[in-house]
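Colleague: next come a sequence and a model predicted from it.
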Amino acid sequence: MSQLSNETLLALDAAQNSYINALDSKSMEGWLASFTEEGSYICIAAENEANNLPIALMLDDCYARLQDRVTYVTKVWAGTFEDYQTRHFTQRISAEAVGNDTYKVITNYHILFTPEQGQTNVLVTGHYDDEIVLSGDTARFKSKKAVMDTNISPRYIVYPV
Amino acid sequence: MNAPQQPSPLVHWPAKTNEIPKDIFYREDVYQLELENIFYGPEWHPVAHTGELLNPGDFKTINVGERPILIVRGDDGQVRTFYNACSHRGNLLETRVSGNAAEFECPYHRWLFDTRGELRGAPGDDDFSPSYCKEELGVPTVRSAEYLGLIFVTCSDDTPELESYLGRVKSALKTTLNGDGRLKLLGYQKVLYDVNWKAYADNDGYHAPLLHAAFKILNWQGGKGEQYATENGHIGFESELTVPKGTDFLNDTALLEFKGSDSSRGSAIASTFPVTVITKHMDMINIRFAFPRGVGQTEVHYGYYCHEDDDEEMIQHRIRQSSNMLGPTGLVSMEDASIFHRIHTGNHTPGNVAFQKGVKHEDRIWYDFAQNDEAGNLPRWEHYRKTLGFDREEL
């Protein structure tokens, strides 16, 4: 595996930071903008992933589904749930070029949540298995898979992980 | 059965049949009474479907109340149910939630059991007690029965035979299990709700079109349907479910298609006492195994299934629908998850709750209801009250 340049790594990290910043800012449009038009998003429990069981918690396998997730959060569910603030903490574990300006990136994540009542707890922890496409100055997700070590999630999950 | 010894202070159960005292949702002494008389009493509890245990050696662990259970398909093909504890000193025998095993070894003293639960070896057994008998020291079994592949266990010898126990709810159960129960596991969504198990199980037909915006958007509340209950606390729903043409709020309308289900029975729910819910909405076959984690939390394992005869296209459709519509992140059900926590907190206020929708009488119990009545839960409450020996106050 050839060494990636600092410039490339910074661009890949910028894509991840943009993604988590959109979620922590509750900007679903910003979340959508972090994907390419071929983008897909899967959030799946590690237990299912390890046992080749395909059921996910969120399965947006085409761009239309990504757009629909924005509708879920901003329109369908609005006003029905006790809102919470998330904080994502990530650490890139590996990155490699797989051709066509595309990079396979593995990143650990740890997400805390603070409901309106104010007590902070762990929401989920796990790793992202991503494909990121670099195009000029921008880097966006062609695919993002959030594998959750937290097989039993607490309460409910409104926003993507 | 003798009435259970009553907690102190006594539970004051209101006279009207549509009222429930709120303190039962958080009292530790009531919870202990429930464990002993409901979860370990004469009730059947679904713990697995055979579609989760397809091969010899496949196993699954889960709880009934707070008792750990181990379900294993033996090397002879037979599914057996055990308490998940070594027959020697009670050590938890299997820590994994599922997998495949050729044998089960307790690491504490290396007692070894086969997939039929029989003890194969115990180191140092020539120096054991005079009454030691290897043949009698298999993994402790728990009584079980099956209906269309759904495996139930009961901790009591007094529980009636399964089919008579299920009674009328067998009809809804059969619909939810796709008619013949020939299912294969697609995966789980698991969640720990901050709610007492009874409030989780008290979800009703009234709230659906009101809480869930997607029900309204999809016109799900407009279907024809029936709701019925049994004297021992089971509830069945069988309803028409049609998705209007030209729904434009989703970009990906393929998610809403019916591919293999009869829309006149497009929504079926079998809710068996005390806490299990089995549903079939559109092409999603969903068994919600549940158990309390103390008085204030309920763990729910949403298992999703396909049918053995499904082709690849149908399987993919079920995966897409199941992964996006139900569960703690589902389009039509996330709001339930958020309500559970709020209702548990709210139930710490004094007094009683009073059911309203569909309540025709306040001095008796009846068993047939409209689809969107919340009164359908009242026979379950009556069964609960009687089981725990709580006396109603005088009108």
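Modeller: On my side now, so go ahead.

Colleague: ok and the residue in chain A nearest chain B?
Modeller: Closest to chain B within chain A is A:I55: 2.8 Å, counting by CB to the nearest CB. In this view, the C-beta of every residue, glycine as well, is placed from N, C-alpha and C.

Colleague: who touches that residue in this structure?
Modeller: A:I44, A:N48, B:L186, B:G187, B:Y188, B:Q189, B:Y304, B:I319, B:S322, B:S323 (CB atoms under 8 Å, 6 or more residues apart in numbering or on different chains).

Colleague: B:P46 now?
Modeller: The contact partners of B:P46, taken as CB under 8 Å, 6+ apart, are B:L150, B:I151, B:F152, B:T272, B:T276, B:I278, B:I287, B:F289.

Colleague: swap in B:H49?
Modeller: Contacts for B:H49 (CB under 8 Å, 6+ apart) come out as B:G149, B:L150, B:I151, B:L177, B:G181, B:L183, B:L185, B:I287, B:G303, B:Y305.

Colleague: re the thing from before, out of the contacts of B:P46, who's nearest B:D125?
Modeller: B:I151 (32.5 Å; CB to CB).

Colleague: thinking that closest one is in contact with B:T50, fair?
Modeller: Yes. The criterion here is CB atoms under 8 Å, and B:I151 meets it with B:T50 at 6.6 Å.

Colleague: where do the contact lists of these two overlap?
Modeller: Common neighbours of B:I151 and B:T50 (criterion: CB under 8 Å, 6+ apart): B:V79.

Colleague: where does the prediction get shaky in the stretch 251-395 of chain B?
Modeller: Residues of the stretch 251-395 of chain B that meet the criterion pLDDT under 70 lie in B:261-263.

Colleague: quick one: the helices in it?
Modeller: B:312-325, B:334-346, B:378-388 (DSSP state H, counting those that start in this stretch).

Colleague: quick one: which of these is nearest A:I157?
Modeller: Judging the helices of the stretch 251-395 of chain B by CB to CB, what sits closest to A:I157 is helix B:334-346, at 7.9 Å.

Colleague: same for that closest one, what does it pack against?
Modeller: With contacts taken as 3 or more CB pairs under 8 Å, 6 or more residues apart in numbering or on different chains; DSSP states H and E, helix B:334-346 sits against strand B:183-193, helix B:197-201, helix B:208-211.

Colleague: list the buried ones in that helix?
Modeller: Within helix B:334-346, the residues that count as buried by 16 or more other CB atoms under 10 Å in any protein chain shown are B:M334, B:E335, B:D336, B:A337, B:S338, B:I339, B:F340, B:H341, B:I343, B:H344.

Colleague: with stretch B:159-166 instead?
Modeller: B:T159, B:L162, B:Y165, B:L166.

Colleague: between these, which is closest to chain A?
Modeller: Once CB to the nearest CB is applied, the member of the buried residues of stretch B:159-166 that ends up nearest chain A is B:L166, at 26.7 Å.

Colleague: host element of that closest one?
Modeller: helix B:162-166 (DSSP states H and E).

Colleague: send me that helix as CSV with only the CA atoms.
Modeller: Extracted in CSV, the C-alpha atoms of helix B:162-166 (Å, rounded to 0.1, in the frame of the first residue of the first chain):
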residue,chain,number,x,y,z
LEU,B,162,-49.8,-23.7,24.4
GLU,B,163,-52.6,-23.8,21.8
SER,B,164,-55.4,-23.4,24.4
TYR,B,165,-53.4,-20.8,26.1
LEU,B,166,-53.1,-18.8,22.9
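
Colleague: what's the closest non-adjacent residue to the residue of chain A closest to chain B?
Modeller: B:G187 (2.8 Å; CB to CB, 6 or more residues apart in numbering or on different chains).

Colleague: thought that neighbour was touching A:A50?
Modeller: No. Counting by CB under 8 Å, A:A50 is not a contact partner of B:G187; they are 10.9 Å apart.

Colleague: of these two, who's got more company?
Modeller: B:G187 (23 against 11; other CB atoms under 10 Å in any protein chain shown).
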